[in-house]
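Undergrad: quick one, fold the following:
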Amino acid sequence: MKTITLSLGKPIAAEECCACIGYFDGLHRGHRALLAEAVKAAAEKGVKSALITFYPDPLDVLTGEVHLHIQDYATRLSLIEKAGIELVYILDFTKEMASLSPEDFRQKILEKLQLKTLICGFDFHYGAKGAGDAKTLAAGNYEVRCIEEVSDEGKISSTRIRNCLAEGKIEEANRLLGYSFFLQGEVVSGLRNGRKMGYPTANIAYHPEQLLPLPGVYSGYAEIHGQLYQAMINFGDNPTIVDGKKKSLEVHLLDFEEDIYGEVLCVYFLHYLRGERRFASLEALKQQLAQDEEQIREGTDEVSAFH
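TA: A predicted model of the protein is given here:
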């Protein structure tokens, strides 16, 4: 997959393509409908499939605040490639770009991309104050296809998925995503307290942009070297052991004993088991971990990978 960053006022080396447009945080089922239509349209017209997105997050630029995301930037690009997109145009989003009228946005950006077809969602807005929509896009020199709402007991949206993750509703989040929520990061050295209790954990250095779920203990899987292992996942403060530290993400891989410091671990979340709580002793915590392990081993759910 080829990525091209576009900035206002700079030449664009464009290729004929059919593209979808949006921010695509999480690449959920609604987003996937747009990507699939871009791939389909490109095949029909014999050109490249493409995606137009924005970086940094327009909300960050407009509000001056940093927003967390269902998937970090690099992971989103990886998933976009898996979905069959061949070309990604990354719009270098600035306040100047945000101030463009819908007409200027079309003329200065979209109409220079050699678009044959542009696919957008039914609620897509662009241009200053979001004044542009699917109808105004149709004034461009390309075909416009508008994808209707993808629903699952209500509209599927990134906001809804974020709320599910914040409330520990991991099963619902996974259903809306269309794949098991996951994150990945390098295994770094931790306090090694888990090892003392017979539950060694991989301490994951997660991306600072990464949205994380409700603190607590989860069942899931960890993938290392292409192999999946059932896993006990703990995200939070470790109240029995330490206080006041950055929230840690620790993963105990069942039936696994290799040294994986420095490796990148991919962690899939399947079920929320319980919240964090302070135990009277490490022995009491160890007994609870044994119960958590038993519950995880009894689980029969499998990872649903993004594809």
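Undergrad: every contact and neighbour count from this point should use C-alpha atoms.
TA: Will do.
Undergrad: how many neighbouring residues does residue 187 have?
TA: For residue 187, the count of nearby residues is 22 (other C-alpha atoms under 10 Å).
Undergrad: would you confirm that it contacts residue 266?
TA: No. Look at residue 187 against residue 266 with C-alpha atoms under 8 Å: they stay out of range, at 10.0 Å.
Undergrad: how much space between residue 7 and residue 89?
TA: 10 Å (C-alpha to C-alpha, to the nearest Å).
Undergrad: same check, this time on residue 254
TA: Taken as C-alpha to C-alpha, the span from residue 254 to residue 89 is 41 Å.
Undergrad: please identify the helix or strand for residue 104.
TA: Taking DSSP states H and E as the criterion, residue 104 maps to helix 102-108.
Undergrad: most centrally placed residue in the protein?
TA: Nearest to the mean C-alpha position of the chain, by C-alpha atoms, centre = their mean, lies residue 71 at 2.3 Å.
Undergrad: just give the closest residue to that residue, not the sequence neighbours.
TA: residue 26 (5.4 Å; C-alpha to C-alpha, 6 or more residues apart in numbering).
Undergrad: so what's that neighbour up against?
TA: Residues near residue 26 by C-alpha atoms under 8 Å, 6 or more residues apart in numbering: 69, 70, 71, 76, 158, 177.
Undergrad: name the SS class of it, please.
TA: Recorded secondary structure, residue 26: coil (DSSP: H, G, I helix; E, B strand; the rest coil).
Undergrad: report pLDDT for it.
TA: The model reports residue 26 with a pLDDT of 94.
Undergrad: same thing with residue 184?
TA: Note on residue 184: pLDDT of 93.
Undergrad: what strand or helix carries it?
TA: Here residue 184, judged by DSSP H and E, is contained in strand 182-188.
Undergrad: other residues contacting that strand?
TA: Residues contacting strand 182-188 (C-alpha under 8 Å, 6+ apart): 71, 202-207, 210, 260-269.
Undergrad: so which of these are in strands?
TA: Taking DSSP state E, the ones among those that sit in strands are 202, 203, 204, 205, 264, 265, 266, 267, 268, 269.
Undergrad: ok, the last one to residue 304 distance?
TA: Residue 269 sits at a distance of 10 Å from residue 304 (criterion: C-alpha to C-alpha).
Undergrad: with the second one instead?
TA: If you measure residue 203 against residue 304 using C-alpha to C-alpha, the figure is 24 Å.
Undergrad: so the nearest residue in space to residue 165 that is not next to it in sequence, which state does it fall into?
TA: Closest residue to residue 165 apart from its sequence neighbours, by C-alpha to C-alpha, 6+ apart: residue 213 at 4.6 Å. Following three-state DSSP, the label given to residue 213 is coil.
Undergrad: list the contacts for residue 213?
TA: Contacts for residue 213 (C-alpha under 8 Å, 6+ apart) come out as 165, 166, 167, 168, 235.
Undergrad: returning to what we had before: just how off-centre is the helix holding residue 104 within its chain?
TA: 29 Å (C-alpha atoms, centre = their mean, to the nearest Å).
Undergrad: stretch 116-130 now?
TA: Relative to the centre of its chain, stretch 116-130 is centred 21 Å away, using C-alpha atoms, centre = their mean.
Undergrad: buried residues in it?
TA: The neighbour-count criterion (16 or more other C-alpha atoms under 10 Å) identifies 116, 117, 118, 119, 120, 121, 124, 125, 126, 127, 128 as the buried residues of stretch 116-130.
Undergrad: restrict stretch 22-38 to CA atoms and write it as CSV.
TA: Provided in CSV are the C-alpha atoms of stretch 22-38 (Å, rounded to 0.1, in the frame of the first residue of the first chain):
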residue,chain,number,x,y,z
GLY,A,22,-13.3,9.9,6.4
TYR,A,23,-11.2,9.6,9.6
PHE,A,24,-11.9,5.9,10.1
ASP,A,25,-11.1,5.5,13.8
GLY,A,26,-11.3,1.9,14.7
LEU,A,27,-12.2,0.7,11.2
HIS,A,28,-15.6,-0.6,12.4
ARG,A,29,-18.3,-2.3,10.4
GLY,A,30,-19.7,1.1,9.1
HIS,A,31,-16.2,2.1,7.9
ARG,A,32,-15.7,-1.3,6.4
ALA,A,33,-18.7,-0.7,4.1
LEU,A,34,-17.0,2.4,2.7
LEU,A,35,-13.7,0.6,2.1
ALA,A,36,-15.5,-2.3,0.5
GLU,A,37,-17.3,0.0,-1.9
ALA,A,38,-14.0,1.7,-2.8
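Undergrad: for residue 204, see how far away the residue nearest to residue 264 when sequence neighbours are not counted is.
TA: Using C-alpha to C-alpha, 6+ apart and skipping the chain neighbours, the partner closest in space to residue 264 is residue 186 (4.3 Å). Between residue 186 and residue 204 the distance is 6 Å, computed by C-alpha to C-alpha.
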